[in-house]
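[1] my questions are about this predicted structure, shown below with the sequence.
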Amino acid sequence: MKTPAGINFLVDAHGRKTAVQIDLKRHAGLWEDIYDNLVASKREREPLISFDQVRRELAARRARDEAKR
């Protein structure tokens with residue numbers, strides 16, 4: 001398979017791929033997908049918070065912010 005234009009692999013002395021360069025003008029969407037995937041992978045072991053808890057925490061934060069005004 002041919003590497004698409006704007007994507008270059010850096011290889012070590014043994015020809016093994018060690019890094020990649022991506023032309024962001026051509027492949028900005030691809031980079032966003034890669035970055036989102038990395039962030040999601042990093043967060044997959046974080047504890048889950050229910051939607052109701054998030055709503056309660058946001059409401060409490062909003063109330064604190066309004067009380068400061």
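    That came through, no problem. Numbers count the residues shown, from 1 in each chain.
[2] quick one, helices of this structure?
    Ranges of helices in the chain, per DSSP state H, are 24-43, 51-68.
[3] just put those in TSV and tack on mean pLDDT and distance to Lys2.
    (Glycine included, C-beta is placed from N, CA and C.) Listed next are the helices of the chain as TSV, based on pLDDT from 0 to 100; distance: least, C-beta to C-beta, whole Å:
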stretch	mean pLDDT	distance to Lys2
helix 24-43	94	15
helix 51-68	95	45
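[4] go through those and pick out the most buried.
    helix 24-43 (a mean of 11; mean count of other C-beta atoms under 10 Å).
[5] export only the CA atoms of that one, formatted as PDB.
    What follows is helix 24-43 as a C-alpha-only set of coordinates in PDB (Å, rounded to 0.1, in the frame of the first residue of the first chain):
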ATOM      1  CA  LEU A  24      -1.600  19.400   8.800                       C
ATOM      2  CA  LYS A  25      -2.800  21.500   5.900                       C
ATOM      3  CA  ARG A  26      -3.700  18.300   4.000                       C
ATOM      4  CA  HIS A  27      -4.700  16.100   6.900                       C
ATOM      5  CA  ALA A  28      -6.000  18.300   9.800                       C
ATOM      6  CA  GLY A  29      -9.000  16.000  10.200                       C
ATOM      7  CA  LEU A  30      -6.800  12.900  10.400                       C
ATOM      8  CA  TRP A  31      -4.700  14.500  13.100                       C
ATOM      9  CA  GLU A  32      -7.900  15.500  15.100                       C
ATOM     10  CA  ASP A  33      -9.000  11.900  14.900                       C
ATOM     11  CA  ILE A  34      -5.600  10.600  16.100                       C
ATOM     12  CA  TYR A  35      -5.500  13.100  18.900                       C
ATOM     13  CA  ASP A  36      -9.100  12.400  20.000                       C
ATOM     14  CA  ASN A  37      -8.300   8.700  20.100                       C
ATOM     15  CA  LEU A  38      -5.100   9.300  22.200                       C
ATOM     16  CA  VAL A  39      -7.100  11.400  24.700                       C
ATOM     17  CA  ALA A  40      -9.900   8.800  24.900                       C
ATOM     18  CA  SER A  41      -7.400   6.000  25.400                       C
ATOM     19  CA  LYS A  42      -5.700   7.900  28.200                       C
ATOM     20  CA  ARG A  43      -9.100   8.500  29.900                       C
END
